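**Q** Fold the following and give me the result.
(one chain, ligands or ions: 1)
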Amino acid sequence: MTQFDVTIIGGGIAGAGVAQCAAAAGYSVLLLEKGDYASQTSCSSSKLIHGGLRYLETMQLNLVYNALHERASLLKLAPELVHPIPFYIPVYSDTSRSVWTLRLGLSLYALLSGFNKLSRYKEIPKKDWSLLKDIKTEGLIAVFQYWDAQTNDQLLTNSVMKSALNLGASAHSHAEFIKAEKLSSGYKVSFNINKGISEVNTLMIINATGPWVNETLDKIYPQVKGCNIDWVQGTHIILDKTAPKKIFYLESKADQRVIFVMPWYGKTLIGTTEVVLEELPEYISPHAEEIDYLLSVYQSYYKGELPKIIRSFAGVRVLPKQKNAAFSRPRESIIWQSPQNPYIISLYGGKLTTFRSTAKKVVKHIKHTIGSKEKCANIDNLKL
Ligand SMILES: Cc1cc2nc3c(=O)[nH]c(=O)nc-3n(C[C@H](O)[C@H](O)[C@H](O)COP(=O)(O)OP(=O)(O)OC[C@H]3O[C@@H](n4cnc5c(N)ncnc54)[C@H](O)[C@@H]3O)c2cc1C
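**A** Now for the predicted structure:
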């Protein structure tokens, strides 16, 4: 039977990132994806490569610092996939985040990004507010502009997968993980491919199945305990309206959450919502109330007729189970390796932006568990 050092389950950005990093570290790697690569959460994000200005409100300084440094690396390594884009924050007399709060937040954001080219922010003078085009200006008291970056999440994931394959990793799409059974050394992994069952042996399993992380753990024998999670759905809509090459950072007047209005292949992308799901549906799709919510935020800021919705999509993120609102829960990824069974690592949550740093941490755990191999590449030098 074919033997691998590491079998990764899940071909989203997390699985692709670990496949690339583990293959670069010299491990033999197999990745299994039940659908197409990047066909779930990793194609349904807000497509931002960002530090996450709003995470400063919940003092997630570590996450913001790390994400801002990952943003800088991705701008260098993937210049065709990740590009800088200006963000605009209009502040109205009834905006809950005051001008001072935003000034403070943006200064801290600049500090955490290490004062590079993208860390500059400014206040747009009133005479230039016309650049906001059809955004309402009644009650407007200030406009801030700062920088972050935008990507195509699906193309980025596919490009990381390609890099993993170039480094010698094996991968199968339309290959569903069925079960893993403990052997005297490692695991026997069974998966469904081409309507038949295939089996491989592996020393370690990396569970990168996103929202299905605990469902995957249930298929591993003997059973491995996971973390308690909530599934939080986020929806985006695409409006049939040409968008300028800038992103608007708007506060929902109903619940003070932040909504982004972004350009997307010439049209206008708006998102996202946060709805805690009781259970994970077979097909993840937007709820009517989420679409109404996004349209109402848009309408509260934009003049003119409401454009037609041409597409909507939803993705589900995994957040640690807590009583507080999803908006204020930690967004750092949890790398779960039980001391009783260090051969299984499960990834919970995380960001598209920080996939490289998560992958590096996972590979450290792999090294610690099964030892080092001869490194064949450094992912910090691999262009995407
Ligand atoms: C609405 C929303 C907006 C977001 N916006 C941003 C953003 O702008 N910037 C940012 O940095 N982050 C953002 N994020 C976070 C980011 O999108 C996620 O952290 C990331 O995409 C998760 O990737 P993943 O690989 O863990 O999960 P997924 O992409 O869901 O991948 C898991 C894969 O596992 C596969 N799988 C499941 N079960 C099996 C099985 N039995 N066998 C084989 N394969 C299986 C699935 O098919 C899936 O492809 C956002 C998240 C959401 C939900």
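**Q** so where's the stretch 251-384 of the chain shaky on pLDDT?
**A** Confidence mapping of the stretch 251-384 of the chain against pLDDT under 70 gives the ranges 322-331.
**Q** Residue numbers of it in contact with the ligand?
**A** 272, 315, 316, 317, 350, 351, 352, 353 (CB under 6 Å from any ligand atom). In short, each C-beta sits where N, CA and C put it, glycine included.
**Q** most neighbours, which of these?
**A** residue 353 (28 neighbours; other CB atoms under 10 Å).
**Q** Show the backbone phi and psi for that one.
**A** phi -60, psi -40 (degrees, to the nearest 10).
**Q** before we move on, what about residue 293?
**A** phi -60, psi -50.
**Q** I'd like the numbering to begin with 37 instead of 1 from here.
**A** That works, and once the first residue is 37, the last one we named lands at residue 329.
**Q** Tell me who's in contact with it.
**A** Residue 329 sits next to 288, 290, 309 when contact means CB atoms under 8 Å, 6 or more residues apart in numbering.
**Q** same check, this time on residue 268
**A** 310, 311, 312, 313, 352, 353, 354, 355, 362.
**Q** Secondary structure class of it, three-state.
**A** The three-state label given to residue 268 by DSSP: H, G, I helix; E, B strand; the rest coil is strand.
**Q** Give the bridge partners for it, please.
**A** When bridges are called by DSSP bridges, residue 268 pairs up with residue 312, residue 353.
**Q** Quick check: pLDDT value at it.
**A** On pLDDT, residue 268 comes in at 95.
**Q** how close does it get to residue 357?
**A** Residue 268 sits at a distance of 11 Å from residue 357 (criterion: CB to CB, to the nearest Å).
**Q** neighbours of residue 391, just the number please.
**A** Neighbourhood size, residue 391 [other CB under 10 Å]: 28.
**Q** what about the nearest residue to it once chain neighbours are set aside, how many neighbours?
**A** Nearest residue to residue 391, sequence neighbours excluded (CB to CB, 6 or more residues apart in numbering): residue 53, at 3.8 Å. Other residues within reach of residue 53, judged by other CB under 10 Å, total 30.
**Q** Repeat that for residue 143.
**A** So residue 143, with other CB under 10 Å, has 12 neighbours.
**Q** residues in contact with it?
**A** residue 157.
**Q** Assumed residue 396 was part of a helix.
**A** Yes: when three-state DSSP is applied, residue 396 is found to be in a helix.
**Q** Share the number of residues neighbouring it, please.
**A** That count, for residue 396 with other CB under 10 Å as the rule, works out to 16.
**Q** Name the nearest residue to it, sequence neighbours excluded.
**A** Per CB to CB, 6+ apart, closest to residue 396 is residue 57, 5.9 Å.
**Q** Packing partners of the helix or strand the one you found falls within?
**A** Per DSSP states H and E, residue 57 falls inside helix 49-60. For helix 49-60, the contact count by 3 or more CB pairs under 8 Å, 6 or more residues apart in numbering; DSSP states H and E identifies strand 39-45, strand 65-68, helix 189-202, strand 232-243, helix 391-406 as packing neighbours.
**Q** What residues of that helix count as buried?
**A** 49, 50, 51, 52, 53, 54, 55, 56, 57, 58, 59, 60 (16 or more other CB atoms under 10 Å).
**Q** again with stretch 404-413
**A** Applying 16+ other CB under 10 Å to stretch 404-413 flags 406, 413 as buried.
**Q** again, but for stretch 180-198
**A** Counting neighbours by 16+ other CB under 10 Å, stretch 180-198 gives 180-197 as buried.
**Q** that older thread, would you turn the buried residues of helix 49-60 into CSV with pLDDT?
**A** Formatted as CSV, the buried residues of helix 49-60 follow (pLDDT from 0 to 100):
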residue, pLDDT
49, 98
50, 98
51, 98
52, 98
53, 98
54, 98
55, 98
56, 98
57, 98
58, 98
59, 98
60, 98
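**Q** just checking: which of those residues also lie near the ligand?
**A** Okay, of the buried residues of helix 49-60 touching the ligand (CB under 6 Å from any ligand atom), that's 49, 50, 51.
**Q** Return the member of those residues nearest to residue 215.
**A** Here the nearest of these to residue 215, counting by CB to CB, is residue 51; it sits at 18.1 Å.
**Q** thought residue 246 was touching residue 384?
**A** No: Residue 246 is not in contact with residue 384 according to CB atoms under 8 Å; the separation is 9.2 Å.
**Q** so what's in contact with these two at the same time?
**A** Common neighbours of residue 246 and residue 384 (CB under 8 Å, 6+ apart) are residue 354.
**Q** which stretches of this protein form helices?
**A** Ranges of helices in the chain, per DSSP state H, are 49-60, 97-113, 135-148, 189-202, 249-253, 324-337, 391-406.
**Q** quick one, the first one and helix 189-202 angle?
**A** Translated: helix 49-60. 20 degrees (axes from the mean of the first three to the mean of the last three CA atoms, to 10 degrees).
**Q** re the thing from before, of the helices and strands packed on helix 49-60, which stretch is the most buried?
**A** strand 65-68 (a mean of 26; mean count of other CB atoms under 10 Å).
**Q** need the contact list for the residue lying closest to residue 246 once chain neighbours are set aside.
**A** Of all residues not flanking residue 246 in the chain, residue 77 sits nearest, at 4.9 Å (CB to CB, 6+ apart). Residue 77 is in contact with 48, 246, 247, 351, 352, 353, counting by CB under 8 Å, 6+ apart.
**Q** 10 Å instead, please
**A** Going by CB atoms under 10 Å, 6 or more residues apart in numbering, residue 77 touches 46, 48-50, 189, 193, 246-247, 270, 320, 350-354, 386, 388.
**Q** cool, residue 246 as well?
**A** 46, 48-51, 76-78, 252, 267, 351-354, 383-386.
**Q** how far away is it from residue 389?
**A** Residue 246 is 16 Å from residue 389, by CB to CB.
**Q** beta partners for the closest residue to the ligand within the stretch 87-236 of the chain?
**A** With CB to the nearest ligand atom, the shortest gap between the stretch 87-236 of the chain and the ligand falls at residue 213, namely 3.6 Å. When assigned by DSSP bridges, residue 213 has beta-bridge partners residue 227.
**Q** Since that was my last question, I'll sign off now.
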